[in-house]
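Asker: Could you work out the structure for the sequence below:
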Amino acid sequence: MSLITWGIISMMMAIVWNDWSFYILRVLLGAAEAGLYPGMILYITYWFPRRDRARAIGLFLLGVSLANIIGAPLGGLLLQMDGLLGFHGWQWMFVIEGLPAVVLAFLVWFWLPDRPRDAKWLNNEDKELLEEQLAAEDDGVGQEAHGFRSLLPVAKDPIIWLVIAVYFTHQVAVYSLSYFLPAMINAFDKDMTTVTIGLITAVPWIAAAIGSVIMPKFGTTLMKQKAMVSGGLWSVAIGLVIAALSGGNLWLAVFGFCFAAFWFFVIQSMLFTFPGRRLTGAAVAAGIALVNTFGLFGGFLGPTIMGSLETSTGNPLAGLWFIIVLTVAGGALAWGLRGSRRESETETTPNA
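Answerer: Numbers count the residues shown, from 1 in each chain. Coordinates of the predicted model:
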């Protein structure tokens, strides 16, 4: 349902007629989208053991990178359809880019099985083996909680709140770059066409796609995942420092953005393994949703502050320093992350 409603409301953005219609549709769009990401992360926990979960999430997040790689230049081309059949280019953009979500929703509903035991492509032995392995790892808290009660073990777990804090700093960086990258690129050359801006904007997302495919497979243990979250956030900071200090050199800035973006979905794939480690049952869904919800506040705060700093300084790159400070702090916080009780005991036991 999230895909269908999101696609329809996205297409309806083509008919906004004043400020309030824009605000209302944007709120509805966010509400429609809210359940998709947590639902997909929860779905992955039904299929992949902990050792493989970060890699699976990384491959899922490859879709975000591909959407930006294709969407940025595609958006530039669609904007040039201005006047076709009496519609503005931005209206064509919303309609054409929203339609695939509606179509894919039906494919997902009829094609994806709920759990391994429902998969027609697995034999009975493979189904039992996978289900047993997943059940053996299910040592979190919250098994008996349902409904609003499932929030209690989430709210009581300090590690979940630490994941939220780290994810918040990450989302500030991702959303700020997503919103302001075209403007920052355009600042280097005001005569760029929308297609050129779109093509250059796609380059860092190619780096993000490469990172999401290559790196998560190495996050097979708790310690490795903590190191990749922390090191990844500090690498994002380094990349943004390069971009901020690039002066008038466009390609040096693009290199810095690429270096930062490479780690975006590596970090995210690691962080979303922790709710499944710490919790179980309905509490896993509640934990994933809570992490995602508070993370999206970072997605709101980042672009807002970036915009304010750009307006006050006249420099589109000025807001990068705000993101740099937050990602450095997030990298330090990441070292406090812990897995399940069993994993934590193993981590602290010598020669384990």
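Asker: wait, D189 sits on N249?
Answerer: No - D189 lies out of contact with N249 (Cβ atoms under 8 Å); the separation is 11.7 Å. In short, each C-beta sits where N, CA and C put it, glycine included.
Asker: Low-confidence regions, the stretch 1-150 of the chain specifically.
Answerer: Across the stretch 1-150 of the chain, residues meeting the criterion (pLDDT under 70) sit at 138-150.
Asker: Show me the helices in it, by range?
Answerer: Along the stretch 1-150 of the chain, the segments classed as helices by DSSP state H, counting those that start in this stretch run 2-12, 19-34, 36-45, 50-79, 89-111, 124-137.
Asker: same deal with the stretch 201-350 of the chain?
Answerer: Per DSSP H, counting those that start in this stretch, the stretch 201-350 of the chain carries helices over the ranges 222-244, 250-261, 264-271, 274-278, 282-313, 320-333, 341-348.
Asker: Relative to A155, which of those is closest?
Answerer: Go through the helices of the stretch 201-350 of the chain one by one with Cβ to Cβ and the one that ends up closest to A155 is helix 282-313, at 8.0 Å.
Asker: buried residues in the closest one?
Answerer: Neighbour-count burial for helix 282-313 flags 282-292, 294-296, 298-299, 301-303, 305-307, 309-310 (criterion: 16 or more other Cβ atoms under 10 Å).
Asker: Could you report the neighbour count for S212?
Answerer: The burial count assigned to S212 is 27, neighbours taken as other Cβ atoms under 10 Å.
Asker: mind checking the end-to-end distance for stretch 102-119?
Answerer: Start and end residues of stretch 102-119 are separated by 24 Å (Cα to Cα, to the nearest Å).
Asker: Contacts for that stretch next, please.
Answerer: 1, 3-4, 7-8, 11, 43, 46-47, 120, 122, 126-127, 130-131, 134 (Cβ atoms under 8 Å, 6 or more residues apart in numbering).
Asker: buried set for that stretch?
Answerer: Of the residues in stretch 102-119, those buried (16+ other Cβ under 10 Å) are V102, A105, P116.
Asker: Please report how far the first one lies from I96.
Answerer: The one in question is V102. Separation of V102 from I96 (Cβ to Cβ, to the nearest Å): 12 Å.
Asker: And the second one, by the same measure?
Answerer: Here the criterion is Cβ to Cβ. By it, A105 lies 17 Å from I96.
Asker: Not counting its neighbours along the chain, what's nearest I323?
Answerer: Once flanking residues are discounted, I323 sits nearest to A173: 4.9 Å by Cβ to Cβ, 6 or more residues apart in numbering.
Asker: now do L326
Answerer: Nearest-residue entry for L326: T169, 4.3 Å, with adjacent residues in sequence omitted and distances by Cβ to Cβ, 6+ apart.
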